[in-house]
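Asks: no sequence for this one, just the structure:
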């Protein structure tokens with residue numbers, strides 16, 4: 001018996017509120033941004049693209065395709081494509097974003113993939129906290145860990161139910177970290193905007209860790225530093241895979257914050273031990289554990305030489 005494939009009903013809302021009302025009226029529906037998440041999954045499974053009965057296309061919502069910058073924040077609409085985000089350039093984009101976007105697929109994909117879709121898709125496939133795994137075929141590079149380090153916030157719109165009265169359009173703004181797991185997007189909610197605080201980070205690094213088993217999906221190392229007068233005022237780092245799984249240690253970050261550069265041998269040894277403790281679950285990955293120590297050590301040394 002052959003499987004039957006039916007085309008979905010596609011709706012084109014003209015406002016975010018209209019999109020929310022459409023979602024509330026449909027039992028099975030999905031919000032459609034760039035569509036790259038669906039096409040990638042279909043290629044991996046070797047099947048036709050599987051869609052629900054109703055697709056709510058967000059392409060006509062101009063308010064979600066805008067970006068703006070103030071003294072305190074960079075505001076990016078969820079429908080801004082990754083290629084358009086990169087086009088803002090290094091003078092506007094926070095440290096590390098340009099380099100990370102360049103690792104995500106190829107340019108045709110980045111011209112379709114939206115920032116909101118990229119974030120939601122990554123969070124939707126995230127494994128339990130602290131777990132890092134590899135999955136071949138998924139493009140390397142993920143902005144979510146870097147946005148965590150940059151302390152980005154997400155704007156989410158939804159309809160607030162008020163008993164028998166008409167549902168009221170509402171907005172909540174939460175740290176991006178709260179969108180993982182049980183705190184993630186709920187049915188009928190739309191991620192509409194990402195707000196990235198302006199910061200004084202003046203050095204960054206985005207590197208891939210070597211892995212022979214799956215070169216198409218390496219681990220990524222993100223790091224940010226703020227250095228003033230040869231003092232490491234603050235720094236953040238995270239390890240992640242392309243599925244959005246993140247490993248981070250605030251204790252390791254706090255170990256060197258406030259220290260003078262270059263670091264002493266004693267400080268660097270303490271850092272190495274902290275990193276090995278941080279990756280203690282990787283007992284079967286000695287190459288990756290040593291690579292983390294080398295990457296972080298090089299990052300600290302280069303930061304000191306440049307500032």
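Replies: Okay, I see it. The shown structure was predicted, so the numbers you read here are calculated from the model rather than taken from an experiment. Numbering: from 1, shown residues only.

Asks: what helix or strand is the closest residue to residue 111 other than its chain neighbours located in?
Replies: Take residue 111 and drop its neighbours on the chain: the residue closest to it by C-beta to C-beta, 6 or more residues apart in numbering is residue 83, 4.6 Å away. For glycine as for every other residue, the C-beta is placed from the backbone atoms N, C-alpha and C. Using DSSP states H and E, residue 83 sits in helix 82-87.

Asks: check what contacts the helix or strand following that helix and list those residues.
Replies: The helix or strand immediately downstream of helix 82-87 is helix 97-101, counting by DSSP H and E. Taking contacts as C-beta atoms under 8 Å, 6 or more residues apart in numbering, the residues outside helix 97-101 that touch it are 82, 85-86, 89-90, 110, 141-143, 146, 204, 206, 220, 222.

Asks: now flag whichever of those is closest to residue 67.
Replies: Distance to residue 67 across the contacts of helix 97-101 (C-beta to C-beta) is lowest for residue 85, with 7.5 Å.

Asks: look at the closest one and say how many residues are nearby.
Replies: When neighbours are counted by other C-beta atoms under 10 Å, residue 85 registers 24.

Asks: just the pLDDT for the residue lying closest to it once chain neighbours are set aside.
Replies: Distances taken as C-beta to C-beta, 6+ apart place residue 115 nearest to residue 85, at 5.9 Å, with adjacent residues excluded. The per-residue pLDDT reported for residue 115 equals 95.

Asks: for this protein, which helix is longest?
Replies: Among the segments of the chain that qualify as a helix by DSSP state H, the longest is helix 286-306.

Asks: show me where the protein has strands.
Replies: 9-11, 29-32, 54-57, 67-69, 73-77, 153-162, 165-175, 190-197, 203-208, 220-228, 231-240, 246-247, 259-260 (DSSP state E).

Asks: and the longest one, how far out from the chain's middle?
Replies: When you say that, I think you mean strand 165-175. Averaging C-alpha coordinates over strand 165-175 and over its chain gives two centres that are 23 Å apart (C-alpha atoms, centre = their mean, to the nearest Å).

Asks: state the mean pLDDT of that strand.
Replies: 90.

Asks: that one vs strand 153-162, what angle?
Replies: In this structure, strand 165-175 runs at an angle of 160 degrees to strand 153-162, with axes from the mean of the first three to the mean of the last three C-alpha atoms, to 10 degrees as the basis.

Asks: next, the angle strand 190-197 makes with strand 165-175.
Replies: Note on geometry: by the same axes, to 10 degrees, strand 165-175 and strand 190-197 are set 30 degrees apart in direction.

Asks: for strand 165-175, packing partners?
Replies: Using 3 or more C-beta pairs under 8 Å, 6 or more residues apart in numbering; DSSP states H and E as the contact criterion, the secondary-structure elements in contact with strand 165-175 are helix 16-25, strand 153-162.

Asks: mind putting those into JSON lines with distance to residue 78 and mean pLDDT?
Replies: As requested, these are exported to JSON lines (distance: least, C-beta to C-beta, whole Å; pLDDT from 0 to 100):
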{"stretch": "helix 16-25", "distance to residue 78": "10", "mean pLDDT": "93"}
{"stretch": "strand 153-162", "distance to residue 78": "8", "mean pLDDT": "91"}
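
Asks: tell me which of those sits nearest to residue 293.
Replies: Between residue 293 and those, the shortest gap by C-beta to C-beta is with strand 153-162, which sits at 32.2 Å.

Asks: what does that closest one rub up against?
Replies: Counting contacts by C-beta under 8 Å, 6+ apart, the residues outside strand 153-162 that touch it are 16-17, 20-21, 24, 119, 167-176, 178-179, 185-186, 188-195.

Asks: cool, stretch 254-269 as well?
Replies: When contacts are defined by C-beta under 8 Å, 6+ apart, stretch 254-269 is touched by residues 227, 230-235, 270-271, 274, 297, 300-301, 303-305, 307.

Asks: show me which of these are buried.
Replies: 227, 232, 234-235, 271, 274, 300, 303-304, 307 (16 or more other C-beta atoms under 10 Å).

Asks: what's near enough to touch the residue nearest to residue 85?
Replies: 76-82, 85, 143, 194.
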